[in-house]
Each structure stands twice: as C-alpha cells, then as structure tokens.
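1. output the structure for:
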Amino acid sequence: MGRNIVVMCDGTWNNPNSQTNVFTLYKELIERDYEQHVLYIDGIGIGELAWNFIVDGAMALSLDNKIKEGYRFIVDHYHPDDDIWLFGFSRGAYTARCIAGMIRNCGILNREINPDQIDKSVDLAYGFYRDRDLAKHPKAKASEEFKKSFSYPDSKKPIIKFLGLWDTVGAHGLPGY
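-> This next block holds a predicted model:
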C-alpha cells in the first residue's frame, strides 16, 4: 500500500506565523501518525530583507524556486503506488497547479536514474514544462520520450489524488497572468 505525499503551498507574504488555513492543515497532518511525507512551502515575499517583502511580493521572483522545491520534494519521496496531495492558497495555489502541470508533462523523475544530479534533473524537467512549444505538450512525442527516459512509468491509477486550491491567481497575482 502506498503512502501520502502532501505539498502545502501558502500565499504571498504568508509563513507559519500567519496562521493560514494552509499552515493549520499542515500542522494537523504532521501531528498524525499516518504513513506520509508532508512539506510546507511559505509564500512569495517571505525573507529577512525588506527587499524580499516588497520586490518578491510584487513580482514573484522566487516563484520558480517554490515550484521546483515542491516538485523536488515529491521526487525525493515518491514510490510507485504513492498518492500525491497538493494544496495551495493564492499564489500558492498557482504553485500547486504548476507542480501538477510538471507531473503531467514530465512524470515524476526516477531518482535512481541520476541520483547525484537530481537538482539538475529537476531544473531540466522545469525547463521542459515551461517550454510552450507544442512539440512538448503533455501528449506529444517529446513529452512521452522525456517520461520514458527520466521518470517512473505511468501507473494505472492517477498519481495526483487531490488538488485543493483556495483563491487561485496567476503568477503575478492577477487571474489572467
């Protein structure tokens, strides 16, 4: 029987001190004795410098890293038959949707293929996912070849068990962007 892998992505300027619904759910999950791995990703614009708060909060410069952090966590813990649960609020919802998109486009990287180059493989998968060339569409041959070369084989059951999103926005905080 598989385990649960849960990634919780919070919204702009939110961190554990914010006591958001995302963090509250995260706390509940880590206190339970389930067979699961849980990650909390704080929101865009969190950091020790005022620059982080203002510039990153407005422009979401750290968004790519948040997406790759969530995907990397899944890669680090995934075994076939595991269930993936993604949650997100605001820009965290956008982050969760992007992680789901990476899984759809690239599968879940098999960490046994290049164990000492996981970060490079995650960067490669992210670049592949972000490339808007139709030849790299999830159903295209290039996507299928990428999955065959680097990822676990597709299972018969859906890999993503649940995608829970609150007040989703685009990368720049606006619905269409």
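2. only C-alpha atoms for contact and neighbour calcs from this point on.
-> Will do.
3. quick one: low-confidence parts of the chain?
-> 47-61, 155-156, 171-177 (pLDDT under 70).
4. go with 90
-> By pLDDT under 90, the low-scoring segments of the chain are 1-2, 11-19, 32-35, 43-64, 113-116, 131-140, 142-143, 153-158, 167-177.
5. what residues sit buried inside the helix or strand harbouring residue 145?
-> Using DSSP states H and E, residue 145 sits in helix 141-150. Using 16 or more other CA atoms under 10 Å as the test for burial, helix 141-150 gives 142-144, 146-147, 150.
6. residue 128 contacts residue 137, doesn't it?
-> No. Residue 128 lies out of contact with residue 137 (CA atoms under 8 Å); the separation is 9.5 Å.
7. identify the contacts common to these two.
-> Common contacts of residue 128 and residue 137, defined by CA atoms under 8 Å, 6 or more residues apart in numbering, comprise residue 105.
8. skipping adjacent residues, who's closest to residue 154 in space?
-> Using CA to CA, 6 or more residues apart in numbering and skipping residues adjacent in sequence, the residue nearest residue 154 is residue 107, 7.4 Å away.
9. one more: residue 110?
-> residue 151 (4.7 Å).
10. okay, now that neighbour: neighbour count?
-> Neighbour count of residue 151, defined by other CA atoms under 10 Å: 21.
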